[in-house]
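S.K.: Turn this into a model:
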Amino acid sequence: MKNKKDQINPEAEDAELDSLGDNSLDRDLDNKEENEPDDVSIEDPVEVLQAALGDITTKAEEYLDGWQRARAEFANYKKRVLRENTDIRQMARGEVIKLYLDIADDLGRALQDKPETGEEGSWADGIEIIFQKLRTRLEAEGITPMNPLGEEFDPNIHEALMKEESEDYESGQITEVMQEGYWIGKKVLRPALVRVAA
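M.R.: Have a look, this model is predicted:
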């Protein structure tokens, strides 16, 4: 037979379990409350998102600025390359045309003393028409002659052959053009050979 002490009282056991369960639940809640910060609010996530948005906006502005600069640099590069290519083509064309400038010079010199009458006069008129045709063709290619007589000597566009005393011109002025110079656009294709007043 079992002793009264050894007998299990189901009601007492349930009560004891309930009290243990309540105590452990209370302890869990107390621990949870201790670990959580007291000042948790809905504003903290909003501030975090606003800060993240500010960072992203700053980066986006930096990227946009960099892209705009790169685009402007590329546009400038394209313009520079186009200008350089145009200059190269113009100078290459000028070098070919330079070969014909000697012919224009010879025709010009031949016409300085052209006869006015007789068969020689009509022949000289034909030569003058050819000369004018050549000049017109050169101008169509952007080649224009310099007329520096009486101008100040400029070593960038003129080449002095000699200096001479002159009563008609001031010192430094061009007194005579020995060989005509030519422009190609705004650049010198061939400098003019000149005499300069001393």
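S.K.: Residue 169: how many residues sit nearby?
M.R.: When neighbours are counted by other CB atoms under 10 Å, residue 169 registers 18. In short, each C-beta sits where N, CA and C put it, glycine included.
S.K.: no wait, residue 183
M.R.: Neighbouring residues of residue 183 were enumerated by other CB under 10 Å; the total is 16.
S.K.: List the residues that contact it.
M.R.: 143-146, 189 (CB atoms under 8 Å, 6 or more residues apart in numbering).
S.K.: same check, this time on residue 141
M.R.: Residues in contact with residue 141 (CB under 8 Å, 6+ apart) are 93, 97.
S.K.: Starting from residue 93, give me the distance back to it.
M.R.: Shown here: residue 141 relative to residue 93, a distance of 7 Å by CB to CB, to the nearest Å.
S.K.: buried subset of the contacts of residue 183?
M.R.: A residue is treated as buried here by neighbour count (16 or more other CB atoms under 10 Å); on that basis the buried members of the contacts of residue 183 are 143, 145-146, 189.
S.K.: Could you export the residues you listed as JSON lines, including distance to residue 54 and secondary structure?
M.R.: JSON lines is the format used below for the buried ones among the contacts of residue 183 (distance: CB to CB, whole Å; DSSP: H, G, I helix; E, B strand; the rest coil):
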{"residue": "143", "distance to residue 54": "63", "secondary structure": "strand"}
{"residue": "145", "distance to residue 54": "68", "secondary structure": "strand"}
{"residue": "146", "distance to residue 54": "65", "secondary structure": "coil"}
{"residue": "189", "distance to residue 54": "61", "secondary structure": "strand"}
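S.K.: and which of these is nearest to residue 79?
M.R.: Taking CB to CB as the measure, residue 189 is the one of the buried ones among the contacts of residue 183 closest to residue 79, at 24.2 Å.
S.K.: Check the closest one and give its pLDDT.
M.R.: Per-residue confidence at residue 189 stands at 90 (pLDDT).
S.K.: isn't it right next to residue 98, touching?
M.R.: Yes: in this structure, residue 189 sits in contact with residue 98. The criterion is CB atoms under 8 Å, and the distance is 6.5 Å.
S.K.: on that earlier part again, the buried ones among the contacts of residue 183 into JSON lines, with extra columns for distance to residue 154?
M.R.: As requested, the buried ones among the contacts of residue 183 are exported to JSON lines (distance: CB to CB, whole Å):
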{"residue": "143", "distance to residue 154": "19"}
{"residue": "145", "distance to residue 154": "16"}
{"residue": "146", "distance to residue 154": "10"}
{"residue": "189", "distance to residue 154": "15"}
